[in-house]
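Undergrad: Quick check, what structure comes out for this input:
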Amino acid sequence: MRWFWIAMGVLAALALFTTLRTSDLADHPLPAVPGTPRPAATPPTAVTSAVTTPTPADSVKRIDSRSIRLDDTFEITGAGSPTDPFKISWPLLMSPQRVDDPTAAVDLPASIKALDGATIEISGYLAPPVAVDETKELLVLKNRWDGCCIGTPPTPYDCIEVALAEPVRVRGKHLIQYGSVRGRLRVDPYLAGKFLLGLYRLEDAQVSGFGD
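TA: Below is the predicted model:
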């Protein structure tokens, strides 16, 4: 038993010595050895935001306060605002169409992306749902189509889904008429697998020509 307590005392003394030595080194660090440089402190790693600020596309050029040119091909007028919308043509909206491979990845040109969120105005054939008294949704189409077998069925590039700010009456009206719609354009590809089913939407839209 005596040897046990002697061993315990030695261990306690060693532990106390180690604690005091560590504390002393912390308060009084050893001087650097001449000729041996201290290691440089590692600079903190910079945190880079995942969100990048987009830069203006070269394909979008402003001609004056009332018009811009897209891809050096399409010139549109207006400011893109609710009171002064861009006047859009169907050839512009159809410019990204892929006829060689409809299942290829959607790669929209900068000229189309630049229109996302702008207020536009476009004319075309207006097609509402059938068998309803009034509607807040309709399609605006480049080509006339009865929804079945008369006319040219639309593609995602020559058809816009329209959500109206106010409902319009359908009953008693001809279901296919030509008119104009104005609203906030959303470029929003809608895919089913690899197939593109829709591309353009208009929000808070107003329609003229339907039911007139």
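
Undergrad: can you pull the contacts of residue 106?
TA: 96, 189, 191, 196, 199 (CB atoms under 8 Å, 6 or more residues apart in numbering). (Glycine included, C-beta is placed from N, CA and C.)

Undergrad: so the last one touches residue 157, yeah?
TA: So that's residue 199. Yes: taking CB atoms under 8 Å as the definition, residue 199 is a contact partner of residue 157 at 6.3 Å.

Undergrad: So which of those two has more stuff around it?
TA: residue 199 (24 against 21; other CB atoms under 10 Å).

Undergrad: I'd like the distance between that one and residue 153.
TA: Residue 199 sits 15 Å away from residue 153, going by CB to CB, to the nearest Å.

Undergrad: re earlier: any idea which of the contacts of residue 106 has the most stuff around it?
TA: Ranking the contacts of residue 106 using other CB under 10 Å puts residue 199 first, with 24 neighbours.

Undergrad: Student question: in the chain, what's the helix or strand with minimum average pLDDT?
TA: One helix or strand of the chain scores below all others by mean pLDDT, DSSP states H and E: helix 2-27, with a mean of 45.

Undergrad: what's the residue nearest to residue 168 when sequence neighbours are not counted in contact with, if anything?
TA: Using CB to CB, 6 or more residues apart in numbering and skipping residues adjacent in sequence, the residue nearest residue 168 is residue 210, 5.6 Å away. Counting by CB under 8 Å, 6+ apart, residue 210 touches 126, 128, 138, 168, 173, 177, 179.

Undergrad: Measure how buried the first one is and give me the count.
TA: By other CB under 10 Å, 25 other residues sit near residue 126.

Undergrad: what's the burial count for residue 141?
TA: When neighbours are defined as other CB under 10 Å, residue 141 has 22 of them.

Undergrad: er, residue 98 actually
TA: Other residues lying near residue 98 total 13 when counted by other CB under 10 Å.

Undergrad: Going through the contacts of residue 210, which ones are buried?
TA: The neighbour count (16 or more other CB atoms under 10 Å) marks 126, 128, 138, 168, 177, 179 as buried among those.

Undergrad: Not counting its own residues, what contacts the helix or strand hosting residue 165?
TA: Taking DSSP states H and E as the criterion, residue 165 maps to strand 159-169. Applying CB under 8 Å, 6+ apart, the contact partners of strand 159-169 are 93, 122, 124, 128, 133-142, 181, 183, 185, 198, 200-207, 210-211.

Undergrad: Just the buried ones among the residues you listed, please.
TA: Buried by 16+ other CB under 10 Å: 93, 122, 124, 128, 135, 138-142, 181, 183, 185, 198, 200-202, 205-207, 210-211, out of the contacts of strand 159-169.

Undergrad: Great, nothing more from me.
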